[in-house]
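*Asks:* Can you look at this prediction? I've put the sequence above it.
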Amino acid sequence: MLPTSEKKKWMYENMLVSRFFEEAMETIYMEGKTPVFNMAEGPIPGEMHLSNGQEPCAVGVCAHLKPSDVVTATHRPHHQAIAKGVDLKLMAAEIFGKKTGLSGGRGGHMHIFDADVNFACSGIIAQGLGPAVGAALSKQMKGDDSVAVAFLGEGAVNQGAFHESLNLAAVWKLPVIFVIEDNSWGISVSKADSTAVKHNAVRAQAYNMPGRFIADNDPIALYDVAGIAIEDARAGKGPTLIEVETTRLAGHFMGDAEGYRPDGELDRLKSKDPIVRMKNLLIDEGVITDDENLQITQKAQKLVDEAIEFARESDYPEPAEALDKVFV
């Protein structure tokens, strides 16, 4: 199942929007945090996890999804949110803590929620798997052909929630796809030091479901495998586990000194930047020209610039609004 030229352009455009959004977040996040780093300072306080390099994981899967399909994501969610169609302006405002944000500024960057496109994420490791299984059960009971997708990191596979969720999904043949974004690092602990198997896709065998491994951060290969998995899920054939070998081009969080990386690793990963590789692929295949690439790039940057401007100009909530939407 190969993407059409139009779908390839969609994937590339969304990868660019995601990268430009993360680069903007990186710059803005550091405002007020220099020369001495203080996580509480600046227009975006708290932690910030960037998804630079992991863009193929999102577009290769979300290219197949529709608004009624459910996506649960991780604490590193921006690329997934963008690919699922979350409103960029409202997401930016949420990250800034503004009242125009998706949740009125209450959730921030690790708790983005957009009911219009059925997207949610959480800062808790493996937390999204259970809700994705529940969403898939709901879709199955309603008898429609919508699916759920749970994105997770390779560190989350060692949590109990991973095994519980895969087991129930398999027992009930639920329309859910589990997508592991393997960037090799669980914060500062390498996968080799934390996980007994080389590829987590083999764990699917224990739960009687297909397990697929995508090497080298390849969005086209992922599109193919994800398309089959989603098609099977819509047809009532049950869940699939997909593992994507991806790259984290930034630290675990902003301010991470990354002293745990081996010498030369980051340079090696940057030499395989998926944005550059996708651009070259599309030009080599004649899907886009250099002039069209410039237009796509400028359009993506404009979308991000407008979202950031909207977030900066939006008002903060009034202090009394902190008590709104709170159950007592």
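*Replies:* Right, received. Where do you want to start?

*Asks:* can you map out the strands along the stretch 1-150 of the chain?
*Replies:* Counting by DSSP state E, counting those that start in this stretch, the stretch 1-150 of the chain has strands at residues 70-73, 113-114, 119-121, 148-153.

*Asks:* Please apply the same query to the stretch 151-300 of the chain.
*Replies:* Here the stretch 151-300 of the chain has its strands, by DSSP E, counting those that start in this stretch, at 176-182, 185-186, 189-190, 211-214, 240-245.

*Asks:* Let me know which of these is the nearest to Pro35.
*Replies:* Each of these was scored for nearness to Pro35 using CB to CB, and the closest is strand 185-186 (27.5 Å). C-beta coordinates here come from the backbone N, C-alpha and C atoms, glycine included.

*Asks:* coming back round to it: looking at the strands of the stretch 151-300 of the chain, which is buried most?
*Replies:* When the strands of the stretch 151-300 of the chain are scored by mean count of other CB atoms under 10 Å, the highest mean neighbour count falls to strand 176-182 (a mean of 29).

*Asks:* Off-centre distance for that one?
*Replies:* 10 Å (CA atoms, centre = their mean, to the nearest Å).

*Asks:* Send me that strand as PDB with only the CA atoms.
*Replies:* Output in PDB follows, covering the C-alpha atoms of strand 176-182 (Å, rounded to 0.1, in the frame of the first residue of the first chain):
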ATOM      1  CA  VAL A 176      -6.700  -0.500  17.900                       C
ATOM      2  CA  ILE A 177      -3.200   0.000  16.600                       C
ATOM      3  CA  PHE A 178      -0.200   0.400  19.000                       C
ATOM      4  CA  VAL A 179       2.600   2.400  17.500                       C
ATOM      5  CA  ILE A 180       6.000   2.400  19.300                       C
ATOM      6  CA  GLU A 181       8.300   5.300  18.600                       C
ATOM      7  CA  ASP A 182      11.700   3.900  19.300                       C
END
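
*Asks:* Could you pull out the helices in this protein for me?
*Replies:* Secondary structure of the chain, counting by DSSP state H: helices at 5-29, 55-62, 78-84, 88-95, 129-142, 160-171, 219-234, 265-270, 274-284, 290-313.

*Asks:* Average pLDDT for the shortest one, rounded please.
*Replies:* Read it as helix 265-270. Here helix 265-270 scores 94 as its mean pLDDT.

*Asks:* cool, the second one as well?
*Replies:* Averaged across helix 55-62, the pLDDT comes to 98.
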